[in-house]
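Student: Take this sequence and fold it.
(one chain, ligands or ions: 1)
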Amino acid sequence: MPTITEDQIMNALEPVMDPDRQASIVKLGMVSGLVIRDGNVGFAIEVDPARGQALEPVRKAAEDAVLQLPGVTSVTAVLTAHREGTPGQPAGSAAGAAPEGPPRQAAEADKPGVPGIGSIIAIASGKGGVGKSTTAANLALAMAADGMRVGVMDADVYGPSMPRMLGISGRPSQTQGRKIVPMENYGVKAMSMGFLVEEDTPMIWRGPMVMGALEQLLHEVVWGELDVLVVDMPPGTGDAQLTMAQRVPLAGAVIVSTPQDIALLDAKKGLNMFRKVDVPVLGIIENMSYFTCPHCGERSDIFSHGGARREAERLGMEFLGEIPLDMAIRETSDSGQPITVSQPDSPHAKAYRAIGRRIAEKLAAESRTAPKIVIQ
Ligand code: ADP
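Tutor: The predicted structure is shown next:
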C-alpha cells in the first residue's frame with residue numbers, strides 16, 4: 001500500500017474552496033489536526049462559529065477530495081467552530097496562537113437528540129487515571145449482559161482506550177452515505193478516535209476541536225437502535241468537558257472516583273460541573289476502593305476506604321457502589337477482555353452488574369418523570 005503523506009493530502013485539499021471567501025481552505029489555514037494512520041485520514045476544518053453548519057458542503061467536499069487519493073481508505077473531516085484561520089498560515093498552526101477563551105457554542109440548536117438512542121450517559125471523573133475507562137467498559141458490558149442494547153462512545157480523545165479495553169482493532173467502515181459504521185465486540189457497539197489514531201500518539205486538542213470530533217462521533221455514526229449509549233468522557237472538568245456536558249443530550253452522569261480523589265475534592269468538581277448544566281448526576285462509583293490480596297483474598301483498605309460513600313451522602317448523591325483495586329481488573333481490561341465478560345461469575349463482575357442495573361433503573365425512572373422542575 002502506498003504511504004500517504006501530509007503534502008499529498010494538502011495538495012488534494014488545495015482545490016476545496018471556502019465559498020464565502022473564494023479561497024482555498026488550505027490557503028486560508030483552515031485545515032488542522034491532520035492525522036494519517038495507514039489508509040485512514042482525519043483532520044479538522046476550522047470555521048467561524050457563526051457559519052457552522054453552512055459549511056457542511058465544504059466538509060463533504062474535503063472528505064471526497066482526500067478519498068480520491070490512492071491508498072486512502074477512509075476520511076473523517078470534522079468542522080470545528082473556532083476563530084477563522086489566519087490567511088497564509090500553515091496547516092495545524094492556524095489558531096495555535098489564538099487566545100483560548102471559554103468554549104464557543106456552534107450556531108445550531110442546543111442538544112439535538114440522537115434518533116434511535118434511548119439514553120446517553122456520561123462516565124466522568126475529576127482527573128485521569130482513576131479507572132474511568134475501565135469502569136465505562138465494564139458497565140457497558142454489564143448492561144449488555146442484562147439484555148440492553150448498548151453502545152460505547154469513547155470521548156476520551158486525549159487518551160482513547162476503548163479499542164484496547166474492548167479488544168477491538170481494525171478500522172470502521174463507511175456506508176454509501178459516508179456515515180461511519182461502529183465497530184463491535186462482546187455485543188456492544190463502539191466508536192472511538194482510537195480507531196483512527198494510535199493510542200499513544202500525542203495529540204493536542206483544543207476545546208472546540210474536541211466538540212467537533214465528538215459531535216461527529218455522535219451524529220455521523222450509524223448507532224442504530226440503542227437502549228443506552230455510554231460515553232467515556234475526557235478526564236477532568238475543564239472547558240472541553242463542560243461544553244460536552246452542555247451539548248450532548250445526556251440523560252445523566254456517573255462519576256468515578258478513587259478514595260484519594262474524593263479526599264482532594266476532584267469528584268466534587270465533576271458533580272458541580274454537571275449540576276451547572278442541569279445534567280442529573282446518577283451517582284458516584286468508588287474505584288480502587290480497597291485492595292484484595294491476589295494470594296489470600298484478604299481485604300485491606302489501602303486508602304481511606306468508605307470516603308466516597310460518606311461524601312456522596314453529604315453531597316446528596318447516590319453512592320452506586322465500590323470496586324476494589326484488583327490485579328484481575330487491570331489485567332483483564334488492559335488485555336481487551338474486561339472482567340465482566342471474561343469472568344462473569346467473579347464478585348467484581350457481579351459488582352459491575354449490580355451498578356449497571358441500578359443505573360438502568362434510575363434512567364427508567366427519570367424518563368418516566370421528565371420533564372422535571374428543579375427548585376434550587
Ligand atoms: P482513566 O480512564 O480514569 O484514565 P483507566 O480506566 O484507563 O483510567 O485506568 C487506569 C489504569 O488502572 C488501567 O491500567 C486500568 O486497568 C487500571 N485499573 C482501573 N481500575 C482498576 C481496578 N479497580 N483495579 C485494578 N486496576 C484498575
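Student: alpha carbons only for contacts and neighbour counts from here, please
Tutor: Will do.
Student: and residue 170, what element?
Tutor: Residue 170 belongs to no helix or strand when assigned by DSSP states H and E.
Student: which one is it nearest to, not counting chain neighbours?
Tutor: Excluding the flanking residues, the one nearest residue 170 by Cα to Cα, 6 or more residues apart in numbering is residue 195, at 6.9 Å.
Student: isn't the one you found right up against residue 163?
Tutor: Yes - proximity of residue 195 to residue 163 meets the contact threshold set by Cα atoms under 8 Å, at 6.8 Å.
Student: so what's in contact with those two at the same time?
Tutor: Residues touching both residue 195 and residue 163 (Cα atoms under 8 Å, 6 or more residues apart in numbering): residue 169.
Student: picking up where we left off before, and the residue nearest to residue 170, how many neighbours does it have?
Tutor: 23 (other Cα atoms under 10 Å).
Student: So which residue is smack in the middle of this protein?
Tutor: residue 155 (1.0 Å; Cα atoms, centre = their mean).
Student: Bridged to the closest residue in space to residue 281 that isn't next to it in sequence, which residues?
Tutor: Distances taken as Cα to Cα, 6+ apart place residue 253 nearest to residue 281, at 4.7 Å, with adjacent residues excluded. Applying DSSP bridges to residue 253 yields these beta-bridge partners: residue 122, residue 281.
Student: any idea how far residue 253 is from residue 230?
Tutor: Look at residue 253 and residue 230: by Cα to Cα, to the nearest Å, they are 10 Å apart.
Student: okay, and the common contacts of these two?
Tutor: Counting by Cα under 8 Å, 6+ apart, the residues touching both residue 253 and residue 230 are 121-123.
Student: so what pLDDT did residue 284 get?
Tutor: The confidence metric pLDDT takes the value 92 at residue 284.
Student: Helix, strand or coil: sort out the spatially most distant residue from the centre of the chain for me.
Tutor: In the chain, residue 296 marks the outermost C-alpha relative to the chain mean, sitting 37.6 Å out by Cα atoms, centre = their mean. Of the three states, residue 296 takes coil under DSSP: H, G, I helix; E, B strand; the rest coil.
Student: Ok, residue 128 next?
Tutor: Under three-state DSSP, residue 128 comes out as coil.
Student: Test my guess that it contacts residue 235.
Tutor: Yes - contact criterion Cα under 8 Å: residue 128 and residue 235 qualify, at 5.0 Å.
Student: Residue of the stretch 151-300 of the chain closest to the ligand, please.
Tutor: residue 288 (4.5 Å; Cα to the nearest ligand atom).
Student: what about that residue, how many neighbours?
Tutor: 23.
Student: Retrieve the pLDDT associated with it.
Tutor: 83.
Student: what residues are up against it?
Tutor: 130-131, 258-259, 322-326.
Student: For the stretch 151-300 of the chain, list the residues in contact with the ligand, please.
Tutor: With the criterion set to Cα under 6 Å from any ligand atom, the stretch 151-300 of the chain comes near the ligand through 287-288.
Student: what ranges do the strands span in the stretch 151-300 of the chain?
Tutor: For the stretch 151-300 of the chain, the strands defined by DSSP state E, counting those that start in this stretch occupy 183-185, 188-192, 226-232, 252-257, 281-292, 299-300.
Student: Pick the most buried one from those strands.
Tutor: strand 252-257 (a mean of 26; mean count of other Cα atoms under 10 Å).
Student: Any buried residues in stretch 16-30, and which?
Tutor: For stretch 16-30, a neighbour-count test (16 or more other Cα atoms under 10 Å) marks 16-18, 24-30 as buried.
Student: before we move on, what about stretch 340-351?
Tutor: Buried residues in stretch 340-351 (16+ other Cα under 10 Å): 340-341, 343-344, 348-351.
Student: now do stretch 159-177
Tutor: 159-168, 171-172, 174.
Student: With stretch 126-134 instead?
Tutor: 126-127, 130-134.
Student: now those residues as CSV including distance to residue 278 and pLDDT?
Tutor: Shown next, in CSV, are these (distance: Cα to Cα, whole Å; pLDDT from 0 to 100):
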residue, distance to residue 278, pLDDT
126, 18, 85
127, 21, 82
130, 24, 87
131, 25, 91
132, 21, 93
133, 23, 94
134, 26, 96
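Student: Go back to those and keep what's next to the ligand.
Tutor: Answer for the buried residues of stretch 126-134 near the ligand (Cα under 6 Å from any ligand atom): 130-134.
Student: What's the biggest helix in this protein, counting residues?
Tutor: Across the chain, the helix with the greatest residue count (assigned by DSSP state H) is helix 347-369.
Student: That one close to the ligand?
Tutor: No - legend: contact between helix 347-369 and the ligand by Cα under 6 Å from any ligand atom is lacking; minimum distance shown is 8.8 Å.
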